[in-house]
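A.B. asks: Need coordinates for the following:
(2 chains)
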Amino acid sequence: MPQLEAWQQVLVSEDFLTSTHGKLSCSSCHNGNEQGESMEQAHTDLIVAPSSDPVKACDTCHGTLGAQHQESLHATLAGYKETIRVRSGQATLSLELEKMFEAKCAKCHTSCGQCHVTRPVSVSGGFNAGHNFYKRPNMTLNCTACHGSRVGSEFTGQNAGISADVHYNKGFQCVACHSTEELHTAEPGATSRYDNSLAPACEDCHQVSSNAYHAVHKNKLSCQVCHSQEYKNCYNCHVGKVESGITQPSELGFKIGKNPLKSAERPWDYVTLRHIPISPDSYDEWEPNALVNFAALPTWKFTTPHNIKKNTPQAANCTSSCHNNPAVFLTQDDLQNMSAEEQAANQGVIVDKIPD
Amino acid sequence: MRHSFYAIILSLFVIASFYQCSDPRTPTSPDDGLAVSACVTCHTDAAKLKVLAIPEEGSTEDAGES
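C.D. replies: Purely as a prediction, here's the structure:
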């Protein structure tokens, strides 16, 4: 996404001044000196992003939303932090890994303002609507500004040869499925977006039709196994200390594996799996050999590709697309180029026997 | 008597809430009819901002995770 010019990032529109938030004084949220005669004077003790303290800035009028947000994964990024911690084998992240996390990962930490006023810091921020507040985050300017390289490109059909998600083609934005309640939920202790009990499920809207395929596969396959297309798999992360370029390109692929998150809500035996952006040397520039416990977690993880279609190659012809077709399953053969540790980490999700 | 007391307390609470959320909080707020905020003067004027803005070495990297 092209970033805004510096002056565009802070240009306030006239109509903001008559909006609910615009009727508050600037300094009541941003501090500073409104009578300052120079920029330096006016910016004395300036709070650029008031919602970095959402309880103080937002909850005065918005109940406990700010406090809830502080406990949500969007704010804590606990999912990322916990997996790095486990792979590092450290009780808490080392100083160097903390620095890496703050410099790289935390750019996608989300405050109230980064969903409802500005673009996220990861794309250099700036007002989306002249400082006007908006209830529904904009899919492009907010959600996929962070969730862009995989989910966003899948959903909007930017991967070569892969159709956009049927929901996108019907005009749905992210918030059509991801509710206010889900996104604002406090999730203390959660380490995965899938821990959220308010996360959307296909059945929230779709009644599963009683055709023969559904009858046979119900509870055995997740919906995405038959109704999603190839998606991006990443094998490393662009967290270099000096440059932030991607060190290893992503690859389109589609792999069915054993369900690592089996539960009452996710009872399926087989699900789609995605390789996550991590390798044993991902953080070496920050701390050499930091991931001593790399194989503590699988690198192929449960995924819900956002490129849903009714008719996919899998759904078109079961017998040739999945049955007797090892190419669509994650097997030991797919792990051959990986280290022995990574192979060991993924033993729980690979498919041993291809269905006939 | 007791009801009057409660009514007064409730009224005070309503008034306090109104002031908390609806009213300008400083005499320099945009709509108070007094001094115009320096913030408003500059931040609504694109030409001024272009002069004042210090171009930053910003990242142009593509969208990130997920």
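
A.B. asks: going forward, measure contacts and count neighbours with C-alpha atoms only.
C.D. replies: OK.

A.B. asks: Tell me where the model's unsure across the chain.
C.D. replies: Because you didn't say which chain, this covers chain A. By pLDDT under 70, the weakly predicted segments of chain A are A:242-247.

A.B. asks: wait, I meant chain B there
C.D. replies: Using pLDDT under 70, chain B drops low at B:1-2, B:13-35, B:54-66.

A.B. asks: Apply 50 and report the result again.
C.D. replies: For chain B, the stretches with pLDDT under 50 are B:19-33, B:56-64.

A.B. asks: Could I get the buried residue list for stretch A:119-134?
C.D. replies: A:119-133 (16 or more other CA atoms under 10 Å in any protein chain shown).

A.B. asks: when you scan that stretch, is anything in it near chain B?
C.D. replies: Yes - against chain B, stretch A:119-134 shows contacts by CA under 8 Å from any CA of the partner chain at A:Ser122, A:Val123, A:Ser124.

A.B. asks: can you tell me which two in the buried residues of stretch A:119-134 are farthest apart?
C.D. replies: The distance between the two most remote of these (CA to CA) is 20.3 Å, for A:Ser122 and A:Asn132.

A.B. asks: all strands of the stretch 51-200 of chain A, in order?
C.D. replies: For the stretch 51-200 of chain A, applying DSSP state E, counting those that start in this stretch gives no strands.

A.B. asks: Up against chain B, what does it have?
C.D. replies: Going by CA under 8 Å from any CA, the residues of the stretch 51-200 of chain A near chain B are A:60-61, A:108, A:122-124, A:144-152.

A.B. asks: which residues does the nearest residue to A:Gly89 once chain neighbours are set aside contact?
C.D. replies: Excluding the flanking residues, the one nearest A:Gly89 by CA to CA, 6 or more residues apart in numbering or on different chains is A:Asn293, at 5.2 Å. By CA atoms under 8 Å, 6 or more residues apart in numbering or on different chains, the contact list for A:Asn293 reads A:Val86, A:Arg87, A:Ser88, A:Gly89.

A.B. asks: Quick check, A:Ala296 in contact with A:Arg85.
C.D. replies: No - look at A:Ala296 against A:Arg85 with CA atoms under 8 Å: they stay out of range, at 10.4 Å.

A.B. asks: Double-check that A:Arg274 belongs to a helix.
C.D. replies: No - using DSSP: H, G, I helix; E, B strand; the rest coil, the assignment for A:Arg274 is strand, not a helix.

A.B. asks: My read is that it contacts A:Lys255, right?
C.D. replies: Yes - applying CA under 8 Å, one finds A:Arg274 in contact with A:Lys255, separated by 7.2 Å.

A.B. asks: okay, now A:Ala264: neighbour count?
C.D. replies: Neighbour count of A:Ala264, defined by other CA atoms under 10 Å in any protein chain shown: 7.

A.B. asks: what does A:Lys353 give?
C.D. replies: 10.

A.B. asks: ok, now A:Gln343?
C.D. replies: By other CA under 10 Å, the burial measure for A:Gln343, its neighbour count, is 19.

A.B. asks: isn't it right next to A:Asp334, touching?
C.D. replies: No - using CA under 8 Å, A:Gln343 is not in contact with A:Asp334, being 9.3 Å away.

A.B. asks: Who's the closest spatial neighbour of A:Lys262, skipping the chain neighbours?
C.D. replies: A:Trp268 (6.6 Å).

A.B. asks: Just to check, A:Thr118 is in contact with A:Gly125?
C.D. replies: Yes - proximity of A:Thr118 to A:Gly125 meets the contact threshold set by CA under 8 Å, at 5.9 Å.

A.B. asks: now the spatially closest residue to A:Lys218 that is not a sequence neighbour: how far from chain B?
C.D. replies: Of all residues not flanking A:Lys218 in the chain, A:Trp268 sits nearest, at 7.9 Å (CA to CA, 6+ apart). According to CA to the nearest CA, to the nearest Å, A:Trp268 stands 23 Å off from chain B.

A.B. asks: contacting residues for A:Trp268?
C.D. replies: A:Lys218, A:Asn219, A:Lys220, A:Leu221, A:Ser222, A:Asn259, A:Lys262.

A.B. asks: Tally up the residues packed near the second one, please.
C.D. replies: Looking back up the chat, that one is A:Asn219. Residues near A:Asn219, counting by other CA under 10 Å: 14.

A.B. asks: Helix or strand for it, just tell me which one.
C.D. replies: Under DSSP states H and E, no helix or strand contains A:Asn219.

A.B. asks: Now do the SS call for the closest residue to it other than its chain neighbours.
C.D. replies: Spatial nearest neighbour of A:Asn219, excluding adjacent residues (CA to CA, 6+ apart): A:Trp268 at 4.7 Å. Put simply, A:Trp268 is coil when judged by three-state DSSP.

A.B. asks: Please, where are all the helices along the stretch 101-250 of chain A?
C.D. replies: With helices called from DSSP state H, counting those that start in this stretch, the stretch 101-250 of chain A shows them at A:112-116, A:144-146, A:153-155, A:166-169, A:174-177, A:180-184, A:212-217, A:223-227.

A.B. asks: What is the second one packed up against?
C.D. replies: Put plainly, it is helix A:144-146. Counting contacts by 3 or more CA pairs under 8 Å, 6 or more residues apart in numbering or on different chains; DSSP states H and E, helix A:144-146 is packed against no other helix or strand.

A.B. asks: what does the last one give?
C.D. replies: Helices and strands in packing contact with helix A:223-227 are listed as strand A:270-275, helix A:313-316; criterion 3+ CA pairs under 8 Å, 6+ apart.

A.B. asks: nearest to chain B, of these?
C.D. replies: Closest to chain B of the helices and strands packed on helix A:223-227, according to CA to the nearest CA: strand A:270-275, at 10.8 Å.

A.B. asks: and that closest one, how far from the chain's centre?
C.D. replies: 16 Å (CA atoms, centre = their mean, to the nearest Å).

A.B. asks: what about dumping the CA coordinates of it to CSV?
C.D. replies: Only the C-alpha atoms of strand A:270-275 are listed here, as CSV (Å, rounded to 0.1, in the frame of the first residue of the first chain):
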residue,chain,number,x,y,z
TYR,A,270,-8.4,-33.3,8.3
VAL,A,271,-7.9,-29.6,7.7
THR,A,272,-5.9,-27.3,5.5
LEU,A,273,-2.4,-26.6,6.8
ARG,A,274,-0.2,-23.6,6.0
HIS,A,275,3.6,-23.3,6.5
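
A.B. asks: mind checking how far the spatially closest residue to A:Phe254 that is not a sequence neighbour is from chain B?
C.D. replies: In this structure, A:Phe254 finds its nearest non-sequential neighbour in A:Glu230, 4.8 Å apart by CA to CA, 6+ apart. A:Glu230 sits 15 Å away from chain B, going by CA to the nearest CA.
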